[in-house]
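1. got a predicted structure plus its sequence, pasted below:
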Amino acid sequence: MNKRIAVFVTALMILLGAAIFTWRRPTGIRAASYTAVSRADSVPRPEDAVVAAYRLLEKANREGDGALLQSLESREALVKMTDAQKAEFPKRFPADPGLQYVPLAVGASGGRGVVIGRIDGSASNTFKYETVKFLLEDGAWKVDVESMSESPLDPRAVYALLPPVDGAFLRAGSPWASIAYANSNSKFFKEDELDWKMQATQDESFLYIRFEARAPLPPPQVEVHKDNTVPGKAVNSGAPSSPPVMKIKISEAAGGQTANGQAFSFHASDVIQTRATFDEKGQANSNRFFVVYSLTVRDPADATIFDSNTEETFSHLVAVQDRFLELKIPLKSLGLNGKTSPAITLEEANSLAKILPYQVVSFPH
């Protein structure tokens, strides 16, 4: 009898051991899924939340849901609307069942988000591409600005629409006094023909360029007027001729995706912005003119990577103060990762240059 009990107990222990073993194995796998790396993977990225808001925008336009569309507007956008416009807003959007929003590039940082997208299948919209800027308000992403285009936008523009964090040069207070000037071509040009001086540096985030005029520049958003005494006279901002078109020559990839020897280009200039004024019936009755400064960056194939200007609220890549026109070009828009310093030379695109070739020195960081 005791022998039977002993055998039974032994068998029971073996079965219990096997059961414990088979129970622990899946528990071990489940526990492994909560490692630090896996936990990081499971946490939603802000970019995912921005895409989710973009999908809601698609849903609202596809279903003609004006109330949903209005709920996605940022506080700033709603403030600009009158009570009558707010009341009419939900009624203005017919359904577009075939509409599809395709995100091509997405960025999110510090409560701001950007989607560069393509619009497919629309029965009524002639625009095929768009940029949507989002703001994070009370834990939800809201549409701040939605702009559309007939031509594709370069995905690299996302780094200009939502630039990286400040680099070492900005953190140091932008000490331009420590940066050398480019040499001017005084051999072929007189002093009064050399409208601009130039400085440049780079850090882990941006390529910085500063043009200096001989006299103070008109501030951004200053109003200017036509000279009515001269028939057909165009509006003049009062700024000197624009700085020359410059090439950015990168002699080493420095771990990025930019091939050796490729030359990007950029051009900065003043632009006259026209704004219509309206009468009591909402009809345009006149125009007013304001100064804006713009920056265009092109790739080696001469395709536009991005345009920016002093009106941009997200990026602030163009600034004007006194005699200085200051530009910031995100290195990632040039295919550089910023981890190492490439050799960058700035040269005029014109064959007879007023500004001689300039070797950009990295700002220490």
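-> Happy to help now that I have it.
2. show me the shaky parts of this protein.
-> 1-43, 227-233, 252-262, 279-282 (pLDDT under 70).
3. how's it carved up into domains?
-> With domains defined by automatic domain parsing, the chain comprises 46-153, 168-362.
4. would you format those as CSV with distance to residue 162 and mean neighbour count included?
-> No exception for glycine: its C-beta is placed from N, CA and C like everyone else's. What follows is those, written out as CSV (distance: least, Cβ to Cβ, whole Å; neighbours: other Cβ atoms under 10 Å):
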stretch, distance to residue 162, mean neighbour count
domain 46-153, 4, 16
domain 168-362, 6, 16
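5. I'd guessed residue 56 sits against residue 68; true?
-> Yes. Between residue 56 and residue 68 there is a contact under Cβ atoms under 8 Å: 6.8 Å.
6. secondary structure element for residue 345?
-> strand 344-348 (DSSP states H and E).
7. let me see the ranges of the helices in the stretch 101-250 of the chain.
-> For the stretch 101-250 of the chain, applying DSSP state H, counting those that start in this stretch gives helices covering 158-161, 168-171.
8. now residue 218: how far from residue 236?
-> Computed with Cβ to Cβ, to the nearest Å, the distance linking residue 218 and residue 236 is 10 Å.
9. overlap in contacts of these two?
-> residue 224 (Cβ atoms under 8 Å, 6 or more residues apart in numbering).
10. what about the spatially closest residue to residue 166 that is not a sequence neighbour, distance to residue 330?
-> Using Cβ to Cβ, 6 or more residues apart in numbering and skipping the chain neighbours, the partner closest in space to residue 166 is residue 205 (6.7 Å). For residue 205, the distance to residue 330 equals 7 Å [Cβ to Cβ].
11. okay, and the common contacts of these two?
-> Joint contacts of residue 205 and residue 330 (Cβ under 8 Å, 6+ apart) are 163, 164.
12. how distant is stretch 92-107 from the center of its chain?
-> For stretch 92-107, the distance from its own C-alpha centre to the chain's C-alpha centre is 20 Å (Cα atoms, centre = their mean, to the nearest Å).
13. how far does it stretch from start to finish?
-> 30 Å (Cα to Cα, to the nearest Å).
14. who's in contact with it?
-> Taking Cβ under 8 Å, 6+ apart as the rule, stretch 92-107 contacts 47, 50-51, 54-55, 57-58, 60-66, 69, 113-125, 153, 155-159, 161-162.
15. circling back to that earlier point, and of the helices of the stretch 101-250 of the chain, who's closest to residue 307?
-> helix 158-161 (8.4 Å; Cβ to Cβ).
16. show me which residues of that closest one are buried.
-> For helix 158-161, the neighbour count (16 or more other Cβ atoms under 10 Å) marks 158, 159, 160, 161 as buried.
17. centre of the chain versus it, how much separation?
-> That offset, for helix 158-161, works out to 2 Å (Cα atoms, centre = their mean).
18. which residues does it contact?
-> Against helix 158-161 from outside (Cβ under 8 Å, 6+ apart): 105-107, 114, 116, 131, 133, 297, 305-306, 308, 314-315, 317, 329-330, 332-333.
19. the same query, at a cut-off of 6 Å, please.
-> Taking contacts as Cβ atoms under 6 Å, 6 or more residues apart in numbering, the residues outside helix 158-161 that touch it are 105, 107, 114, 116, 306, 308, 315, 330, 332, 333.
20. which residues touch the nearest residue to residue 76 once chain neighbours are set aside?
-> Leaving out its chain neighbours, the residue that sits closest to residue 76 by Cβ to Cβ, 6+ apart is residue 144, at 6.5 Å. Neighbouring residues of residue 144 by Cβ under 6 Å, 6+ apart: 74, 133, 135.
21. for the last one, give me its contacts.
-> Neighbour list for residue 135: 74, 142, 144 [criterion: Cβ under 6 Å, 6+ apart].
22. and those, which of them are in strands?
-> Judged by DSSP state E, the contacts of residue 135 include 142, 144 as members of strands.
23. looking at the buried residues of helix 158-161, spot the one nearest residue 266.
-> Distances from residue 266 to the buried residues of helix 158-161, taken by Cβ to Cβ, are shortest for residue 160, at 11.2 Å.
24. how far is stretch 206-225 from where the chain is centred?
-> On the basis of Cα atoms, centre = their mean, stretch 206-225 sits 22 Å off its chain's mean C-alpha point.
25. and stretch 350-365, by the same measure?
-> Centre to centre, stretch against its chain (Cα atoms, centre = their mean), the figure for stretch 350-365 is 25 Å.
26. now stretch 303-316
-> How far stretch 303-316 lies from its chain's middle: 7 Å, per Cα atoms, centre = their mean.
27. sorry, back to before: most widely separated two among the contacts of helix 158-161?
-> Checking those with Cβ to Cβ, the most distant pair is 105 and 308, at 15.8 Å.
28. let me see the contact set for residue 330.
-> Here residue 330 is in contact with 159, 160, 163, 164, 206 (Cβ under 6 Å, 6+ apart).
29. could those residues be laid out in a markdown table, adding distance to residue 82?
-> A markdown table is the format used below for those (distance: Cβ to Cβ, whole Å):
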| residue | distance to residue 82 |
| --- | --- |
| 159 | 36 |
| 160 | 33 |
| 163 | 34 |
| 164 | 38 |
| 206 | 40 |
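30. closest one to residue 90 out of those, please.
-> Closest to residue 90, out of all of the contacts of residue 330 and judged by Cβ to Cβ, is residue 160, at 33.9 Å.
31. on that earlier part again, in JSON lines: the helices of the stretch 101-250 of the chain, plus distance to residue 338.
-> Below are these laid out as JSON lines (distance: least, Cβ to Cβ, whole Å):
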{"stretch": "helix 158-161", "distance to residue 338": "10"}
{"stretch": "helix 168-171", "distance to residue 338": "11"}
